[in-house]
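Return a 3D structure for these sequence lines:
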Amino acid sequence: MRLEEALAAGELTRVRELLPKVRESFASAGAEASKRLAQNVDEARAAMRDVAAEATAAGAPTSAKAAIIEAESLAGAAEKLVARGELDLAIAQLGRATDAYRAATAAAVRAGEREVLERELPAIRAARAEAEGVGAPSSPPMRSRAPRASRPSSKPPSPPAS
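Below you'll find the model as predicted:
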C-alpha cells in the first residue's frame with residue numbers, strides 16, 4: 001500500500017511506517033541528482049580546459065587577445081556560479097566559455113595564415129616586378145581548368161545513327 005492510500009484509508013500506523021521510507025527515497029534521489037549535476041560541471045569544465053589548451057597551443061593568447069579575454073571572463077563567471085551552487089547556470093556558462101575558446105583558436109589560426117601570406121607578399125611583388133621587367137603581362141595567365149564532367153541530361157539519349 002502506498003503512502004497516499006494509507007493516509008486516505010486513515011491507517012496512521014502504516015503512514016508512520018512509510019514516511020521514513022518515502023523521506024529516504026526523496027533524499028536519495030536528490031543526492032543522486034546533485035551527484036550527476038556535479039559530474040556534468042566537471043565534464044563541462046574539463047572540456048573547456050581542453051579547448052583552452054588548444055587555443056593556447058594555436059597562439060591565441062598573443063594573436064587573439066580579445067577572444068581569450070572574453071573566454072577567460074566567461075570561465076571566471078562560471079566558476080563563481082559553481083561557488084554559489086548555481087550548477088545548471090555554471091554548466092551553460094562553461095559551454096559559452098568553451099565556444100569562446102574555440103573562436104579564439106579559429107582567430108589564431110586565421111592570424112597565422114595571414115602572417116604566412118604577408119610574409120610571402122614581398123617575394124610575390126618582386127617576382128611580379130621582375131616578370132614585368134622582361135615584358136610579361138602584369139597579371140599571370142589563368143590556368144585553364146579541366147573540363148567538368150557533363151551533367152546528366154533530363155532528355156532521353158538519342159538512338160545511335162545508322
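
Just say helix, strand or coil for A38.
Secondary structure, DSSP: H, G, I helix; E, B strand; the rest coil: A38 is helix.

Distance of the nearest residue to it once chain neighbours are set aside relative to E43?
Distance criterion Cβ to Cβ, 6 or more residues apart in numbering; nearest residue to A38, sequence neighbours excluded, is L87 at 6.9 Å. Backbone N, C-alpha and C define where each C-beta goes, glycine included. In this view, L87 and E43 are 12 Å apart by Cβ to Cβ, to the nearest Å.

Tell me which of the two has more neighbours.
L87 (17 against 12; other Cβ atoms under 10 Å).

so where do the helices sit in the protein?
Applying DSSP state H to the chain gives helices spanning 3-8, 12-57, 60-63, 65-83, 87-133.

Now tabulate the ones you listed in JSON lines and tack on mean pLDDT.
Shown next, in JSON lines, are the helices of the chain (pLDDT from 0 to 100):
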{"stretch": "helix 3-8", "mean pLDDT": "79"}
{"stretch": "helix 12-57", "mean pLDDT": "88"}
{"stretch": "helix 60-63", "mean pLDDT": "87"}
{"stretch": "helix 65-83", "mean pLDDT": "94"}
{"stretch": "helix 87-133", "mean pLDDT": "89"}
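
Now do the residue nearest to L94 when sequence neighbours are not counted: how many residues are near it, please.
Nearest non-adjacent residue to L94, counting by Cβ to Cβ, 6+ apart: A44, 3.9 Å away. As a burial measure, A44 scores 21 neighbours (other Cβ under 10 Å).
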